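Trainee: Turn this into a model:
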Amino acid sequence: MKFTVHGGFEIPRFNQHLISRDKSERNEFWDMVEDDEEGLSYACGCYVLSIRNVPWYVGMAQRQDFRHECFSHHKITLFDTALSKGPGKPYLHLLARRTPGGKFCKTSGNAYRDVEFLENLLIGFGLQRNEELTNIKGTTLLRSMRVPGFVNTRKGEARSHSVIDLRKILGNSP
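Mentor: All right, here's what the predicted structure looks like:
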């Protein structure tokens, strides 16, 4: 279960506000991705949309490859929603699943449990950085759970000796 991180790849826009719907621009985008590493656009794994170094959407591509999953109509709508929050260039990071031999994994009709786990992990990190993350699926617990010093910590909650001690033990010290 190895993943490699690629990007950020700047996503083409039109009118400086919305994700481009132009097929030729999207093909140019995927050509740029392929220039990074051949076969990457046809791989599976997870992806993160960011604007101004802030995550706005985390997704997974396992039944469809990145090329077909990342710019589906639903994803473009979510990306446009994120862009409406303020100015900035949108970027896409791809976390590609690899075979034990180092090749990109192909899509599968069956779910890859590690891809699903990674997506949930990245959503958790994304919510810590941006509570307006546009993901809905899998975020109910992450949005409502509070663990001082770790998840949704409120001001002053992470100062107790027990929280500081546990963070040191887990390698997550402030």
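Trainee: For Ala111, see how far away the nearest residue to Phe150 once chain neighbours are set aside is.
Mentor: Nearest residue to Phe150, sequence neighbours excluded (C-beta to C-beta, 6 or more residues apart in numbering): Asn172, at 7.1 Å. Heads up, the C-betas are built off the backbone N, CA and C, glycines and all. For Asn172, the distance to Ala111 equals 29 Å [C-beta to C-beta, to the nearest Å].
Trainee: and the residue nearest to Phe150, which of the three is it?
Mentor: Judged by DSSP: H, G, I helix; E, B strand; the rest coil, the three-state class of Asn172 is coil.
Trainee: Give the burial count for it, as a bare number.
Mentor: Neighbourhood size, Asn172 [other C-beta atoms under 10 Å]: 10.
Trainee: wouldn't it be in contact with Thr153 here?
Mentor: No: under the criterion of C-beta atoms under 8 Å, Asn172 is not in contact with Thr153, lying 11.5 Å apart.
Trainee: Domains in the chain, by residue range?
Mentor: Per automatic domain parsing, the structural domains of the chain span 2-138, 139-174.
Trainee: Mean neighbour count, the ones you listed: which tops it?
Mentor: domain 2-138 (a mean of 16; mean count of other C-beta atoms under 10 Å).
Trainee: End to end on that domain, go ahead and measure it.
Mentor: 23 Å (C-alpha to C-alpha, to the nearest Å).
Trainee: same check, this time on stretch 11-29
Mentor: Across its full length, stretch 11-29 reaches 7 Å between end residues, using C-alpha to C-alpha.
Trainee: Can you name the residues in contact with that stretch?
Mentor: Applying C-beta atoms under 8 Å, 6 or more residues apart in numbering, the external contacts of stretch 11-29 come out as Phe9, Leu49, Phe71, Ile76, Phe79, Asp80, Leu83, Ser84, Lys89, Pro90, Tyr91, Leu92.
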